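Novice: What shape does this take:
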Amino acid sequence: MNIYVLMKRTFDTEEKIVLTNGQIAEEGAEFIINPYDEYAIEEAIQVRDANGGEITVLTVGGEESEKELRTALAMGCDKAVWINTEDDLDYGDQYTTAKIVAEYLKDKEADLILAGNVAIDGGSGQVGPRVAELLNIPYVTTITKLEIDGSTVKVVRDVEGDSEVIETSLPLLITAQQGLNEPRYPSLPGIMKAKKKPLEELELDDLDLDKDDVAAKTKTIEIYLPPKKEAGKVLSGELADQVKELVQLLHSEAKVI
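Specialist: Numbering: from 1, shown residues only. Modelled structure (predicted):
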């Protein structure tokens, strides 16, 4: 089975994020594999181990992307592809990434493509579905269970607190939701093996793309932290008085009525 995993390098949200002039300051920041992509990597490994085949992990990004690709290889992926946009693009969005990925995958005869449900730095959940649309293959998002029998696939997807069962067929793109599996940590032997696994570096020219082909359709104007949460207020007194005070506060302070 020919399996591809789409991976993104993201900020570690457990670390303190510093904003400078409306942008995240990358200097000194910690980066990780997008956590939802870890579910996709783990599921790809389990599918390969059960059905045979090969896993290629793919990312689009700048000069620092190799570290996360090597981590994915240490987890158990077979090879990696890094499409380096450092010198070609000053800015890209979800359209940019999807266009580049789809152009790479268009002749690879992928049976299964896995991606994270969302990236924790952007949260749009667009790249996976956009890639599937460009490749003209079916896709199912936010899956929590995957079963493959030959070319038939049954998935369970999360739908706002409930679940939906869908049967479809390969080739297929799915996006992984939390709960799909428990991602493994890279083992020491896995880390050693990862150093020898193939990692191919490509640029836009290698895909016969130029800047205009992948120009962003959107632009991020500013990034800002949410306002500090104010302390709650405890009402006291008779119940009728509390109700009156609550209504007044909802009107004058919360401004929701």
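
Novice: Tell me which stretches of this protein form helices.
Specialist: Along the chain, counting by DSSP state H, helices occupy 35-51, 66-75, 94-105, 127-135, 188-194, 239-252.

Novice: Distance to E160, mean neighbour count and mean pLDDT added to those, as CSV?
Specialist: From N, CA and C alone the C-beta is placed, and that goes for glycine too. Shown next, in CSV, are the helices of the chain (distance: least, Cβ to Cβ, whole Å; neighbours: other Cβ atoms under 10 Å; pLDDT from 0 to 100):
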stretch, distance to E160, mean neighbour count, mean pLDDT
helix 35-51, 17, 21, 97
helix 66-75, 30, 21, 95
helix 94-105, 22, 21, 96
helix 127-135, 17, 21, 96
helix 188-194, 36, 13, 94
helix 239-252, 27, 11, 89
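
Novice: May I see the buried residues of the longest strand along the chain?
Specialist: Longest strand in the chain, counting residues (DSSP state E): strand 139-149. Across strand 139-149, burial judged by 16 or more other Cβ atoms under 10 Å covers 139-146, 148.

Novice: If K154 is in a bridge, with which residues?
Specialist: Beta bridges link K154 to E147, E167, judged by DSSP bridges.

Novice: re the thing from before, and the longest strand of the chain with helix 35-51, angle?
Specialist: Orientation check (axes from the mean of the first three to the mean of the last three Cα atoms, to 10 degrees): strand 139-149 against helix 35-51 gives 30 degrees.

Novice: what helices or strands is strand 139-149 leaning on?
Specialist: The helices and strands touching strand 139-149, judged by 3 or more Cβ pairs under 8 Å, 6 or more residues apart in numbering; DSSP states H and E, are helix 35-51, helix 127-135, strand 152-159, strand 162-169, strand 172-176.

Novice: hmm, back to that, adding pLDDT and distance to A110, write the buried residues of strand 139-149 out as CSV.
Specialist: Formatted as CSV, these follow (pLDDT from 0 to 100; distance: Cβ to Cβ, whole Å):
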residue, pLDDT, distance to A110
Y139, 97, 12
V140, 97, 15
T141, 96, 17
T142, 95, 20
I143, 96, 17
T144, 96, 22
K145, 97, 21
L146, 97, 15
I148, 96, 14
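
Novice: between the residues you listed, which is closest to A231?
Specialist: Nearest to A231 among those is T142, at 35.1 Å by Cβ to Cβ.
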